[in-house]
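**Student:** Sequence first, predicted coordinates after that:
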Amino acid sequence: MRTRVKICGFTHVEDALCAANLGVDAIGLVFYPPSPRNVSIEQAASISRALPAFVNVVALFVDAAPALIREVLNKVRVDCLQFHGDEPAEDCRIYDKSYIKAIRMQADTDVVALQQQYHDAAGLLLDAYHPGVQGGSGSGFDWDLIPTTRSLPIILAGGLTPENAGEAIKAVKPYALDVSSGVEAGKGIKDAAKMAAFIRKTNQAT
Ligand SMILES: O=C(O)c1ccccc1NCC(=O)[C@H](O)[C@H](O)COP(=O)(O)O
């Protein structure tokens with residue numbers, strides 16, 4: 001099966017349209033004010049409206065208030081929610097919307113148990129643990145921590161680049177790759193050549 005690609009942290013319509021033209025499967029919009037990639041609801045609505053059919057929009061939150069999540073769902077075309085904080089499963093499933101749970105991987109993280117805990121998730125996104133940074137850190141983690149026992153689609157994130165995408169696919173065999181820093185020209189500004197290379201390398205490896 002083809003490895004899907006999600007590119008996260010868009011802040012400009014032009015970059016998201018460029019990714020769509022290159023064949024990205026999903027784009028991520030960050031609703032987390034401390035992030036340099038944070039978008040307003042108005043920015044997100046413009047980006048989402050500009051995208052063609054069959055490019056998924058993932059709205060990302062970090063321990064957000066339910067009122068914010070509901071407002072985003074009311075005002076922005078969103079296909080999937082991504083919970084990137086410490087949200088328990090019962091808080092992820094109240095929105096009647098498919099969701100991804102992000103896990104910041106540490107040596108003792110039990111991915112098999114987490115797949116059971118978040119059994120109704122559309123995927124488990126495994127990202128690097130970086131103290132003080134919730135995501136988009138550009139750091140990787142030890143892929144040997146990822147078990148071969150899988151009951152959910154595994155989305156690999158953390159320090160991915162066009163240079164290591166192929167190796168990541170061979171080593172982990174994930175459902176999808178998720179990248180942010182590795183295809184940027186600056187925080188929240190995507191680089192067309194890097195996005196093209198990332199998608200090309202992913203397609204070549206599958
Ligand atoms: O991108 C952010 O700034 C961000 C902030 C807070 C929580 C999550 C965030 N990004 C989440 C993503 O899905 C990133 O793509 C993922 O962490 C990988 O990032 P990177 O290592 O930079 O490729």
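**Tutor:** It's in. Residues are numbered from 1 along each chain as shown.
**Student:** Check the secondary structure at A20 for me.
**Tutor:** helix (DSSP: H, G, I helix; E, B strand; the rest coil).
**Student:** That one and S40: what is the separation?
**Tutor:** Per CB to CB, to the nearest Å, A20 is found 21 Å from S40. For the C-beta atoms, the positions are set from N, CA and C on the backbone; glycine is no exception.
**Student:** Between these two, which is the more surrounded one?
**Tutor:** Of the pair A20 and S40, A20 is the one with more neighbours under other CB atoms under 10 Å, namely 17 against 11.
**Student:** Neighbours of the nearest residue to the more buried one once chain neighbours are set aside, how many?
**Tutor:** Once flanking residues are discounted, A20 sits nearest to V55: 4.7 Å by CB to CB, 6 or more residues apart in numbering. For V55, the count of nearby residues is 19 (other CB under 10 Å).
**Student:** same deal with L51?
**Tutor:** Neighbours around L51, by other CB under 10 Å: 19.
**Student:** Got the phi and psi for it?
**Tutor:** The phi/psi pair for L51 (degrees, to the nearest 10) reads phi -80, psi 150.
**Student:** is it true that it touches A26?
**Tutor:** No - with contact taken as CB atoms under 8 Å, L51 and A26 are classed as non-touching, separated by 10.1 Å.
**Student:** Between these two, which contacts overlap?
**Tutor:** Common contacts of L51 and A26, defined by CB atoms under 8 Å, 6 or more residues apart in numbering, comprise V57.
**Student:** ok, so what distance separates the residue lying closest to K75 once chain neighbours are set aside from the ligand?
**Tutor:** In space, and not counting its chain neighbours, K75 is closest to I41: 5.2 Å by CB to CB, 6+ apart. Distance, I41 to the ligand, by CB to the nearest ligand atom, to the nearest Å: 17 Å.
**Student:** ok, longest helix in the protein?
**Tutor:** Determined from DSSP state H, the single longest helix within the chain is helix 192-205.
**Student:** Please spell out which residues along it are buried.
**Tutor:** With burial defined by 16 or more other CB atoms under 10 Å, the residues of helix 192-205 counted as buried are K194, M195, A196, A197, F198, I199, K201, T202.
**Student:** Determine which two of these are furthest apart.
**Tutor:** Pairwise distances among those were taken by CB to CB; the largest, 12.5 Å, belongs to K194 and T202.
**Student:** So what's the residue count around N74?
**Tutor:** 9.
**Student:** does it count as helix, strand or coil?
**Tutor:** Of the three states, N74 takes helix according to three-state DSSP.
**Student:** ok now do it, which residues does it touch?
**Tutor:** Residues touching N74, when contacts are defined by CB under 8 Å, 6+ apart, are absent altogether.
**Student:** And for the one 10 residues further on?
**Tutor:** Neighbouring residues of H84 by CB under 8 Å, 6+ apart: Y32, L60, F61, V62, A102, L125, D127, Q134, G135.
**Student:** Show me where the protein has its strands.
**Tutor:** Using DSSP state E, the strands of the chain run over 4-8, 26-31, 56-61, 80-83, 99-105, 123-128, 154-156, 176-179, 184-186, 189-190.
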